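A.B. asks: No sequence on hand, only this structure:
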């Protein structure tokens, strides 16, 4: 795939839509934080919402969804290693369980 | 920057991709490891402070939600700046770049206010495990934001002098990658530090 072909980036309208979704997710995150009934499942809900925001920014604003697979590999490789090390350390130290 | 300079800078590697963009993505990959290690330190020390002040006594969720929203919107300004520069609309390219830097400064102002408030409440780097790990993690992120603001303002300056044109869109794209990554890191920190308190 040529460099120019990979630059078929989203339109400004899509960018504004993604930003609006990011704003709504942030509002939901804070709203969920204050709901007492959701305290037992707060961690998975907040992590899922955070992951959704992360994916939207990386995919649309950083164009990883549209660009060369090379960039995806350069980012996802170290990211997966970092997350794996984090999870291992969290398990060892009982961050979410103890 | 002349068209010739821009063409020279946009040299492509054997992969067919621009060298500078490959370098930026590799740098971002290494930054994942850096922030991952700082997050580990913060999370492992979480709840283990022997003396106060403790996070639940200090963290101001409504305030930090506003600054988080500001940083998210700065990412929107950044993509709009890139889009404008790519289509040769340098007037709006400059405006969006300046707005991105301005929102970055607002975020930094919020962080300075938060830090000074915490210090006033007795939380320093040496007070307890929370203080040390919190300032290290959010301070490192803040330093990245500060570098990003300087970078963006330098692009506005270059554009103002006519040295940043449509031919240099890749320069703006690379700055944008850095800026969005700083935003992405904050998305994670906002959840881990403030909401999972």
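C.D. replies: It's in. A quick note: this is a predicted structure, and the numbers were derived from the prediction, not measured.
A.B. asks: in chain B, which spans are helices?
C.D. replies: Ranges of helices within chain B are B:3-9, B:19-45, B:55-58, B:61-86, B:90-120, B:129-160, B:169-189, based on DSSP state H.
A.B. asks: right, so the ones you listed: which one is the most enclosed?
C.D. replies: Most buried of the helices of chain B by mean neighbour count (mean count of other C-beta atoms under 10 Å in any protein chain shown) is helix B:169-189; its value is a mean of 23. Yep, even glycine has a C-beta here, placed from its N, CA and C like the rest.
A.B. asks: Distance to residue A:77 and mean pLDDT for the helices of chain B - can I get that in CSV?
C.D. replies: Shown next, in CSV, are the helices of chain B (distance: least, C-beta to C-beta, whole Å; pLDDT from 0 to 100):
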stretch, distance to residue A:77, mean pLDDT
helix B:3-9, 26, 54
helix B:19-45, 6, 97
helix B:55-58, 33, 94
helix B:61-86, 23, 97
helix B:90-120, 28, 97
helix B:129-160, 21, 98
helix B:169-189, 15, 97
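A.B. asks: Tabulate these in CSV, adding columns for distance to residue A:29.
C.D. replies: Output for the helices of chain B, formatted as CSV (distance: least, C-beta to C-beta, whole Å):
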stretch, distance to residue A:29
helix B:3-9, 40
helix B:19-45, 17
helix B:55-58, 17
helix B:61-86, 8
helix B:90-120, 17
helix B:129-160, 18
helix B:169-189, 10
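A.B. asks: can you redo the ones you listed as a markdown table with distance to chain A?
C.D. replies: A markdown table is the format used below for the helices of chain B (distance: least, C-beta to the nearest C-beta, whole Å):
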| stretch | distance to chain A |
| --- | --- |
| helix B:3-9 | 13 |
| helix B:19-45 | 3 |
| helix B:55-58 | 12 |
| helix B:61-86 | 4 |
| helix B:90-120 | 10 |
| helix B:129-160 | 12 |
| helix B:169-189 | 5 |
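A.B. asks: how is chain A carved up into domains?
C.D. replies: Using automatic domain parsing, the domains assigned to chain A come out as A:1-67, A:69-98.
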